[in-house]
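Below are the sequence and a predicted model; questions follow.
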Amino acid sequence: MLRNETVPLGSSIAVARNDFTMNRYTGFVSICFAVDSGSSIDVERARHRVHGLRVNAPRNDPDRVLLHAARSCEPIEVVAGSILDPRVELTMYSDFGGICLRFRLLFSGTMREWVELSDSINDNLALEGLAIECTRQICTELGDALIEPAIAKNAEDYPIYCIQVPEDQDLDTFVEANRAEIAQIVNAERFSLHHQLIRETIEGRISWYQNDSLFIDWSGAALIRHPKRMEEVVADDTIAALEFANMQLHQFDILARRLDRAVVEAYRVPVDQGVTEADQQHLDALTIDAAELIGRVSSGLKIFSDKHQARLLRVVARRFEFQARSDEMRGKLADLRTIRQRVVDRRRHRQAHLVEVLIASLIVIEVIPLLYRGLVLLSEILFSSGVPA
């Protein structure tokens, strides 16, 4: 319960800070990982190879089939006394071969302990290794249903902290009292943050009902609700949308690295080699992949028919700067084409120069015999006329 305390004149809200600080809040963490496994998944083959597979084709986007499965994993202790649930939920995207893994961790603690938990989860190598191992196992089950398998060596993690606030605590008052801790949780920062970053985090609050609040940042999200609103279905809708956004972010990072490598390699192409057919095919493949990724981001709302999820995805797209990333991809592709064209132009220029040298050489070769014969003829004429040569 809150105590009545005297606050300075001009305060906008009376907050019993110590009460919130000492309270313990229960909830759970959904730790989502995005892993790239191949170019696509054959749905029909997967039906026969993966046990317990559930197939979901969104009505608004029937070409994008989602495959769901659940497996058991080795439970690990994330922090002292908190062991990861051995059940892992998997979502596989058939059109581009991405796999999302969702781990669950039950937790109860003060807001400061939730901050320490977020710091422990952030870039946790044990969790990432577990995600990669689970991905390898499901890829083994998929077998030849996985087209062009290429399991990534790293995974993009995104934890979502679902914290329950007792019914007798006003949610707005709770958020105001714990604004610094909430910012630390979603930014995975153990140390105190600047008030500017705290303000940006809190001002980015997303609420659908009066009794829920969602805070999103690059390193994670915090879903804060009263227990009667903390239902599995409701929470899963939010988690599913954020999970999909994290997969899109992971795909952007993969494509960005591929484009960066392609640009570096293009600069290193020797002039005498030029642009080969394989180089052109590589550029075409990158162009197609970029177009498909940008298209998936643009049509991502089609996967979710729920209004809350669609709204959430729009907000996340702005927060994760998907439009800027799409423009960056287009810019890198344009740079790559420009570099390739310059290599082609340099090769053509060199070839033209070699042709000029060859023509000049042929002219010289043709002229020298004629000049020699002319000198011989002139010598004979001079000799026959008695004029000393």
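Yep, it's here.

mind listing the strands for the stretch 51-200 of the chain?
Here the stretch 51-200 of the chain has its strands, by DSSP state E, counting those that start in this stretch, at 54-56, 66-72, 77-79, 82-83, 87-93, 98-109, 146-147, 156-164.

Let me have those in JSON lines, adding mean neighbour count, mean pLDDT and distance to residue 311 as columns.
All C-beta atoms are positioned from the backbone trio N, CA, C, and that covers glycine. Below are these laid out as JSON lines (neighbours: other C-beta atoms under 10 Å; pLDDT from 0 to 100; distance: least, C-beta to C-beta, whole Å):
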{"stretch": "strand 54-56", "mean neighbour count": "12", "mean pLDDT": "88", "distance to residue 311": "21"}
{"stretch": "strand 66-72", "mean neighbour count": "16", "mean pLDDT": "90", "distance to residue 311": "20"}
{"stretch": "strand 77-79", "mean neighbour count": "15", "mean pLDDT": "81", "distance to residue 311": "31"}
{"stretch": "strand 82-83", "mean neighbour count": "14", "mean pLDDT": "82", "distance to residue 311": "32"}
{"stretch": "strand 87-93", "mean neighbour count": "21", "mean pLDDT": "92", "distance to residue 311": "21"}
{"stretch": "strand 98-109", "mean neighbour count": "21", "mean pLDDT": "92", "distance to residue 311": "21"}
{"stretch": "strand 146-147", "mean neighbour count": "20", "mean pLDDT": "91", "distance to residue 311": "34"}
{"stretch": "strand 156-164", "mean neighbour count": "23", "mean pLDDT": "93", "distance to residue 311": "17"}
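
in the stretch 151-300 of the chain, what spans have low per-residue confidence?
Along the stretch 151-300 of the chain, segments meeting pLDDT under 70 span 228-234, 266-284, 286, 292-300.

Can you give me the pLDDT of residue 11?
For residue 11, the pLDDT comes out at 36.

Quick check, central residue of the protein?
Centroid-nearest residue in the chain, with C-alpha atoms, centre = their mean: residue 250, separated by 1.8 Å.

domains of this structure?
17-230, 243-344 (automatic domain parsing).

sorry, back to before: could you measure from the residue nearest to the centre of the chain over to residue 164?
From residue 250 over to residue 164 the distance is 29 Å, taken as C-beta to C-beta, to the nearest Å.

Just the helices from the stretch 151-300 of the chain, written as ranges.
171-177, 179-187, 195-203, 232-267, 277-298 (DSSP state H, counting those that start in this stretch).

For those helices, state which one has the densest average packing.
A comparison of these by mean neighbour count, using mean count of other C-beta atoms under 10 Å, puts helix 179-187 on top with a mean of 23.

which other helices and strands contact it?
On a contact count with 3 or more C-beta pairs under 8 Å, 6 or more residues apart in numbering; DSSP states H and E, helix 179-187 meets helix 111-121, helix 195-203, strand 212-217, strand 220-225.

Looking at those, spot the one closest to residue 312.
Nearest of these to residue 312, taken as C-beta to C-beta: strand 212-217 at 7.4 Å.

returning to that earlier point: may I see the helices of the stretch 151-300 of the chain organised as CSV, with distance to residue 29 added?
Listed next are these as CSV, based on distance: least, C-beta to C-beta, whole Å:
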stretch, distance to residue 29
helix 171-177, 18
helix 179-187, 10
helix 195-203, 18
helix 232-267, 10
helix 277-298, 26
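
I'd like the helices and strands packed on helix 179-187 written out as JSON lines, with distance to residue 105 added.
JSON lines is the format used below for the helices and strands packed on helix 179-187 (distance: least, C-beta to C-beta, whole Å):
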{"stretch": "helix 111-121", "distance to residue 105": "8"}
{"stretch": "helix 195-203", "distance to residue 105": "22"}
{"stretch": "strand 212-217", "distance to residue 105": "19"}
{"stretch": "strand 220-225", "distance to residue 105": "13"}
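
Nearest to residue 330 among the ones you listed would be which one?
For these, the distance to residue 330 is smallest for strand 212-217, at 25.6 Å, taking C-beta to C-beta.
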